[in-house]
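[1] Any chance you could fold what I've pasted below:
(2 chains)
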Amino acid sequence: GAVVSQHPSWVICKSGTSVKIECRSLDFQATTMFWYRQFPKQSLMLMATSNEGSKATYEQGVEKDKFLINHASLTLSTLTVTSAHPEDSSFYICSARDWARGLEQYFGPGTRLTVT
Amino acid sequence: RKEVEQDPGPFNVPEGATVAFNCTYSNSASQSFFWYRQDCRKEPKLLMSVYSSGNEDGRFTAQLNRASQYISLLIRDSKLSDSATYLCVVNKENDKIIFGKGTRLHILP
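    Now for the predicted structure:
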């Protein structure tokens, strides 16, 4: 149990375009989903926390107008990187938590974004 | 003091040996602690939660020392497949967790 999928697993896009990443909890209802970013040889950095049906809470320094998060259902959250720039190239990982299971977060396989 | 601090390593350990690493945390109010493992270019996977009384799962033992604010992970009879980065995770507040930068472990044949 506790499987989280992400799509796409990798994407290459041109500077200025937008990219949408989907995160799904496959066998449980995710009351909370998290979006992280990880640069090479760096630790995971939390970007935002989203609860189903409400607006996401962004961490300091993360532009909410650039990284649009939607958590419309208990099994799906999306992250849209708008007007992507090369410095947005990174590994984006979502995680999901079901309060019934406790505080453990279960991670998706990640999406590697390259902006050219 | 950093919120979560780990020795980055790498720890180069011969196969079959026992290895242990610690992680210190700054928030004395933290209640939940975890060890995750992350393989290169992969997502983190939960290895084990860390309970106040300590817990063991096969070759892995996790301990919590609240007085000194650190958690530890002990790996016995290490296998080549244990090579990975081990992430210490501590809850910050309510539902937020903070990741350490990880300790790299290389098991040598």
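
[2] got the residues of chain B near chain A?
    B:32, B:34, B:41-46, B:49, B:87, B:91, B:95-102 (C-beta under 8 Å from any C-beta of the partner chain). Every residue, glycine included, has its C-beta placed from N, CA and C.

[3] report the longest strand in chain B, please.
    strand B:84-93 (DSSP state E).

[4] how close does the residue nearest to B:Asp77 when sequence neighbours are not counted get to chain A?
    Nearest non-adjacent residue to B:Asp77, counting by C-beta to C-beta, 6 or more residues apart in numbering or on different chains: B:Arg59, 5.4 Å away. Separation of B:Arg59 from chain A (C-beta to the nearest C-beta, to the nearest Å): 20 Å.

[5] In chain B, what residue spans correspond to strands?
    Going by DSSP E, chain B shows strands at B:4-6, B:11-14, B:19-25, B:33-38, B:44-50, B:55-57, B:60-65, B:70-75, B:84-93, B:96-99, B:103-108.

[6] Any chance of those strands in JSON lines with mean neighbour count and mean pLDDT as columns?
    Formatted as JSON lines, those follow (neighbours: other C-beta atoms under 10 Å in any protein chain shown; pLDDT from 0 to 100):
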{"stretch": "strand B:4-6", "mean neighbour count": "21", "mean pLDDT": "94"}
{"stretch": "strand B:11-14", "mean neighbour count": "15", "mean pLDDT": "96"}
{"stretch": "strand B:19-25", "mean neighbour count": "19", "mean pLDDT": "95"}
{"stretch": "strand B:33-38", "mean neighbour count": "23", "mean pLDDT": "94"}
{"stretch": "strand B:44-50", "mean neighbour count": "19", "mean pLDDT": "91"}
{"stretch": "strand B:55-57", "mean neighbour count": "12", "mean pLDDT": "93"}
{"stretch": "strand B:60-65", "mean neighbour count": "18", "mean pLDDT": "96"}
{"stretch": "strand B:70-75", "mean neighbour count": "20", "mean pLDDT": "96"}
{"stretch": "strand B:84-93", "mean neighbour count": "22", "mean pLDDT": "90"}
{"stretch": "strand B:96-99", "mean neighbour count": "20", "mean pLDDT": "83"}
{"stretch": "strand B:103-108", "mean neighbour count": "18", "mean pLDDT": "96"}
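
[7] As a markdown table, those with distance to A:Gln6 would be great.
    A markdown table is the format used below for these (distance: least, C-beta to C-beta, whole Å):
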| stretch | distance to A:Gln6 |
| --- | --- |
| strand B:4-6 | 25 |
| strand B:11-14 | 30 |
| strand B:19-25 | 27 |
| strand B:33-38 | 15 |
| strand B:44-50 | 13 |
| strand B:55-57 | 27 |
| strand B:60-65 | 27 |
| strand B:70-75 | 27 |
| strand B:84-93 | 18 |
| strand B:96-99 | 18 |
| strand B:103-108 | 24 |
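
[8] Which stretch among those approaches A:Asp27 most closely?
    Closest to A:Asp27 of those is strand B:44-50 (C-beta to C-beta; 15.2 Å).

[9] tell me the angle of the closest one relative to strand B:33-38?
    150 degrees (axes from the mean of the first three to the mean of the last three C-alpha atoms, to 10 degrees).

[10] List the strands paired with strand B:44-50, with their directions.
    The pairing partners recorded for strand B:44-50 under DSSP bridges are strand B:33-38 (antiparallel).
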